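Visitor: here is my input; please provide its structure:
(chains A and B)
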Amino acid sequence: MISNAAAIVSTGMHVVGTDQPRISSLELQLQACRKAMQSAGITRRDVGAVFTGRGPMSYTAMEWNMRIINELKIVPKMSTEVTIHGAGVLGTWQYAAMAVAAGIVDYALCCSGCMGTRWVDLVKVNAGVESDLQFEMPYGPTTPSLYALFATRYMHEFGVSSEDVARIAVENRKWALEHPDASMRHKGPITVEDVISSRLIASPIHLLDSSSWYRGGGVGSAVIITSADRAKDTANPIYLSGFGQCVTHEWITERMGLTDIAPSRKPNLTTTGAAVASADAYAMAGLRASDMDLVETSAPFTFLNMMVLEDLGFCPKGEGRDFVGGGGIDFDGGLPFNTNGGYLSFGQAANGMHMALEAVQQLQGTAHGRQVADAEHALVHFHGGPNGTHSVALLSNEQGMSA
Amino acid sequence: MIDWGEGLAFMIGPYEVGLTETSPETVEFWAGVARGELLVKECRSCGALLYPRRILCPHCMSDDLGWRRCVGSGTVYSFSTIYHVPNDLFEAPYTNGIIELDEGPFLFGRILSETIEEIVVGARVHVEFGPVIEGGDVLPQYRVS
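Guide: Sure thing, here's the model as predicted:
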C-alpha cells in the first residue's frame, strides 16, 4: 500500500520580493533546500533522491536537477526533473513517495522556484513553452490567450459569466489579506465590479482574473520526504494519503485531437485531467472530496479555478457557477480554498511548490493568522501547460490518520 | 518561409547547441499553404483524418499516412481576442481561435472579421492565406463568412 507510506518531514521556503536584490533562480531554490535539509536534521549523504520541477524560465537548458546536485554535492540514486510543466512540481512528491515507500532511498529532496520576472520578460517568452512553434506560435498567442480558449468554450457551454468567475478572485483576495507574504495584500480587498472592469488581457480574461507574479520576485520551495516508519518519530509529519496524475496534451490544439480516452472521449476544452488525477487520488486514499478540510490549487485564472473545483469533485460538472455563487468557497463559511490567496492574490512563482507548502502549514497548525481550524485532510492540485497536465495530492496529519 | 524539414538551430548566445523542430513530416502542409491549399493528414489504413503533425495514426497505429485537401470551411470551436500582445511584432486587438474543419480535424489560427462581435462560438469561417504580421510567412487564417 502506497497510501500513507510516505510523509513530508520538513519544508523550506525562501521568499524574495521586489524590494530585495535579485538572486539567481538557482540560489532561490538552494536556500529553500538548505532550510528543508537543516530542518529535517539530515546531510547531503542522507539524501537518496533529488526531484525538481521544470527548469526556471531564466535557465532553459535541459536537466535542471543536475544543477541542484552540483551545488549541494548530493550523490542521488534517483534523480530527475519532472517535466510535466507546473504539475511536475507535485509530481516530485509522488515519485519521492514511491521511492521511499519502496525502500530504494531513505530521504528524497524535492524543490522548485523561479526568479522569473527579475531576469526575463515572461509575457514575451512564456507562450514559447506553452504553444506549438509551428502551428500556434506564428499567430501571436500569449499564455492567457491560450487558457482563454478553455474559458470561452467552458463559459459558452455552461452559461457562466464574467461576474460568476470574478467571485473567485474576490474570495482569494480575502485570504491574501491574512498572509504576511501575499503579493496582493497591500492592494486591499476587491469587488466583483473591480474584476470585471479591469482591463481585458485576452477575452474573456481580465487583469484581475489572472494570477499575479510573485511580488516581482520569487519563491523557492523545498521538502524532505521519507518513509512513514522514519517519519513517525519526527514532529508533525504530513502523510501523502493519495495522489494521481493525468497528462492530456502538449499544446492546446493537440488536446482537440484527443479522443476515445478519459477525460476526452470527444474532443473538448471543457474537461480537465484534474478529474482523472483526483479520482485516482481519492481511490488510493479511501477519502472523498467531502473529507477535505481545505483545497489549494495552482489554477492561474478565475474560470480555471471554477473548472477545477468541478473536476476535483467539489460540485458536479457544470455546477461550479452555482457552487461558487452560493458561497461554496467564501472566505466566511465556505470551503477553505487557496488559503494563502492562491495564484491570483498570493502570487504565482513559476511552477512554485509554495501552494503545496501552504497545505502542509495548515495541516501542521502553523498557518498563523489564517489557520483553518481542526484541519486534518487537504487536497493540493497543480496543473500546467496550458491546462494539459494535472497532479493531485491528498495530505493528512496525525489527527487525520487516527480519525 | 521557414524550411521546417531542416529544423531551426537552437542557439544559446553565439553557441549552437542543437536543433529543434526537425519535422519533414509537415513540409507538405506548408507547401500546400504556399499553393493556397489547406491539407490534413489521412490514414491510408483506417481512413481517419488527422492533425497535420501526425506521424502515426493514433487510432490504428499505422504509419501509412498521406494528405487530404480540405474545402477550407469550418466552425469556430473557441476563440480569444488578445489585447495584451506578446511582443511588438503584433498589434492588438486580434483574435486567435480553434477551428473545427468540416472534415473533422481542429486547427489553431487567426480569425478575421469586420467586427469583433461577429466572432462567436459556432460562427462559420472559410480559410484565407496571408501573413499575420508585415513581411511574415503566409499562414492559413479563417474569415467569418
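
Visitor: phi, psi for residue 41 please.
Guide: In the absence of a named chain, this looks at chain A. With angles defined as degrees, to the nearest 10, residue A:41 sits at phi 70, psi 30.

Visitor: count the neighbours of it for me.
Guide: 11 (other Cβ atoms under 10 Å in any protein chain shown). Just so you know, the C-beta spots here come from the backbone N, C-alpha and C atoms, and that holds for glycine as well.

Visitor: so what pLDDT did it get?
Guide: If you check residue A:41, the pLDDT there is 97.

Visitor: where exactly do the strands run in chain B?
Guide: Using DSSP state E, the strands found in chain B span residues B:8-12, B:15-20, B:39-43, B:49-50, B:65-69, B:73-82, B:94-101, B:106-112, B:124-130, B:139-144.

Visitor: repeat for the stretch 301-403 of chain A
Guide: A:377-384, A:389-396 (DSSP state E, counting those that start in this stretch).

Visitor: with chain A instead?
Guide: Secondary structure of chain A by DSSP E: the strands cover A:6-16, A:47-52, A:78-81, A:107-113, A:200-202, A:205-206, A:218-227, A:238-247, A:294-297, A:377-384, A:389-396.

Visitor: can you put the ones you listed in TSV and add distance to chain B and mean pLDDT?
Guide: Formatted as TSV, those follow (distance: least, Cβ to the nearest Cβ, whole Å; pLDDT from 0 to 100):
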stretch	distance to chain B	mean pLDDT
strand A:6-16	25	96
strand A:47-52	20	98
strand A:78-81	17	96
strand A:107-113	22	96
strand A:200-202	5	98
strand A:205-206	8	98
strand A:218-227	22	96
strand A:238-247	15	98
strand A:294-297	22	98
strand A:377-384	18	97
strand A:389-396	19	98
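
Visitor: for residue B:113, which of these is the nearest?
Guide: With Cβ to Cβ as the criterion, residue B:113 lies closest to strand A:200-202 of those, at 16.8 Å.

Visitor: to residue B:48, which of the strands of chain A lies closest?
Guide: Here strand A:238-247 is closest among the strands of chain A (Cβ to Cβ), at 22.5 Å.

Visitor: elements contacting that closest one?
Guide: Applying 3 or more Cβ pairs under 8 Å, 6 or more residues apart in numbering or on different chains; DSSP states H and E, one finds that strand A:238-247 contacts strand A:6-16, helix A:87-101, helix A:274-285, helix A:354-364, strand A:389-396, helix A:398-402.

Visitor: most tightly surrounded among the ones you listed?
Guide: Per-stretch averages of neighbours, counted by mean count of other Cβ atoms under 10 Å in any protein chain shown, single out strand A:389-396 among these, with a mean of 30.

Visitor: which residue packs closest to the closest residue to chain B within the stretch 151-300 of chain A, ignoring adjacent ones?
Guide: Closest to chain B within the stretch 151-300 of chain A is residue A:256: 3.6 Å, counting by Cβ to the nearest Cβ. Among residues not flanking residue A:256 along the chain, residue B:106 sits closest, at 3.6 Å (Cβ to Cβ, 6 or more residues apart in numbering or on different chains).

Visitor: show the contacting residues for the one you found.
Guide: The contact partners of residue B:106, taken as Cβ atoms under 8 Å, 6 or more residues apart in numbering or on different chains, are A:253, A:256-257, A:267, B:51, B:77, B:98-100.

Visitor: pull out the buried residues from these.
Guide: Neighbour-count burial (16 or more other Cβ atoms under 10 Å in any protein chain shown) is assigned, among those, to A:253, A:256-257, A:267, B:51, B:77, B:98-100.

Visitor: residues near the closest residue to residue A:8 other than its chain neighbours, how many?
Guide: Of all residues not flanking residue A:8 in the chain, residue A:238 sits nearest, at 4.5 Å (Cβ to Cβ, 6+ apart). Residue A:238 has 25 neighbours, counted by other Cβ under 10 Å.

Visitor: same question, residue A:185
Guide: Neighbour count for residue A:185, taken as other Cβ under 10 Å: 19.

Visitor: my read is that it contacts residue A:179, right?
Guide: Yes: applying Cβ atoms under 8 Å as the test, residue A:185 and residue A:179 come out as touching, 6.5 Å apart.

Visitor: could you name every residue contacting both of these two?
Guide: Contacts common to residue A:185 and residue A:179, judged by Cβ under 8 Å, 6+ apart, are residue A:341.

Visitor: re the thing from before, out of the strands of chain A, which gets nearest to residue B:61?
Guide: Between residue B:61 and these, the tightest spacing by Cβ to Cβ is seen for strand A:238-247, at 20.0 Å.

Visitor: what's across from the residue nearest to residue A:256 in the sheet?
Guide: Taking DSSP bridges as the rule, residue B:106 bridges to residue B:100.

Visitor: next up, the contacts around residue 129.
Guide: No chain in the question, so chain A it is. Residue A:129 neighbours (Cβ under 8 Å, 6+ apart): A:57, A:85.

Visitor: hmm, no, I was thinking of chain B.
Guide: Contacts of residue B:129 by Cβ under 8 Å, 6+ apart are B:33, B:36, B:138-141.

Visitor: which among those gets closest to chain A?
Guide: Using Cβ to the nearest Cβ, those come closest to chain A at residue B:139, 5.7 Å.

Visitor: how near is residue A:259 to residue A:75?
Guide: The gap separating residue A:259 from residue A:75 is 45 Å, by Cβ to Cβ, to the nearest Å.

Visitor: how about residue A:370?
Guide: The value you get for residue A:370 to residue A:75, if Cβ to Cβ is used, is 40 Å.

Visitor: out of these two, which sits in the more crowded spot?
Guide: residue A:370 (21 against 12).

Visitor: sounds good, over and out.
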